[in-house]
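Peer 1: how does the following fold in three dimensions:
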Amino acid sequence: MKSYFIFLGLLFFFFNTAAQDKMAVIYHESHEIEKQSAPFSDVVEVGNLFFLSGQLGMNHTTRTLVEGGIVAETTQSIKNIQAVLEHHKMNLSHVVKCTVILSSMDDFAIFNEIYSQYFPNKPARTTFAASGLARNAKIEIEVIAAKN
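Peer 2: This next block holds a predicted model:
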């Protein structure tokens, strides 16, 4: 009987340790050299969840916002998200939650039209407007992705 309790104790210890390892928090460096000194992580991994920092419609080669207003910035923001996900061996189908910040709700309809082309799985989403986005952007999108 004593060995049974020792076995159960060891089993509990093993599974508890394994569960803690799965929930370790990993702060990933950016895959872009220019962003590695930024005061935030592009991605924070917790278990099978990946929390991506917000992406603007910025061309990461020139480090400037793309021209063309909400259409171009939305498209570029999503492409930037795709690049981060691909770096972690995922794609947009892994996205389970989006938070979208627009500089104006007047842009909602056109944003939604473009967004729908990239997210047919319809992840959960929150959209709101805020003044003063970084770099005077029209949109910022952050996502949470789940890796199987």
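Peer 1: if the residue nearest in space to the middle of the chain is in a bridge, with which residues?
Peer 2: Centrality entry for the chain: nearest residue to the mean C-alpha point is Leu52, 2.6 Å, by Cα atoms, centre = their mean. Beta bridges link Leu52 to Val43, judged by DSSP bridges.
Peer 1: wait, isn't it in contact with Gln82?
Peer 2: No. Taking contacts as Cβ atoms under 8 Å, Leu52 lies outside contact range of Gln82: 10.7 Å. Yep, even glycine has a C-beta here, placed from its N, CA and C like the rest.
Peer 1: in stretch 34-47, what counts as buried?
Peer 2: Neighbour counts using 16 or more other Cβ atoms under 10 Å place Ser41, Asp42, Val43, Val44, Glu45 of stretch 34-47 among the buried residues.
Peer 1: give me the contacts around that stretch.
Peer 2: By Cβ atoms under 8 Å, 6 or more residues apart in numbering, the residues outside stretch 34-47 that reach it are 22-32, 50-53, 60, 63, 84, 88.
Peer 1: same thing but at 7 Å, please
Peer 2: Residues outside stretch 34-47 that contact it (Cβ atoms under 7 Å, 6 or more residues apart in numbering): 22-23, 25-30, 50-53, 63, 84, 88.
Peer 1: check stretch 141-148 too.
Peer 2: Under Cβ under 7 Å, 6+ apart, the answer for stretch 141-148 is 48-55, 77-78, 81, 85, 90, 94-100.
Peer 1: in PyMOL, how would I select the buried members of the residues you listed?
Peer 2: The buried residues among the contacts of stretch 141-148 can be selected in PyMOL (16+ other Cβ under 10 Å) with this line:
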select buried, resi 50+51+52+53+54+55+77+78+81+85+90+94+95+98+100
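Peer 1: picking up where we left off before, farthest pair within the contacts of stretch 34-47?
Peer 2: Lys22 and Arg63 (36.3 Å; Cβ to Cβ).
Peer 1: what ranges do the helices span in this structure?
Peer 2: Using DSSP state H, the helices of the chain run over 2-22, 69-87, 108-118.
Peer 1: what's opposite Ala145 in the beta bridge?
Peer 2: Phe50, Val95.
Peer 1: burial count for it?
Peer 2: Other residues near Ala145 number 24, with proximity taken as other Cβ atoms under 10 Å.
Peer 1: what about Gln117, neighbour count?
Peer 2: Gln117 has 10 nearby residues by other Cβ under 10 Å.
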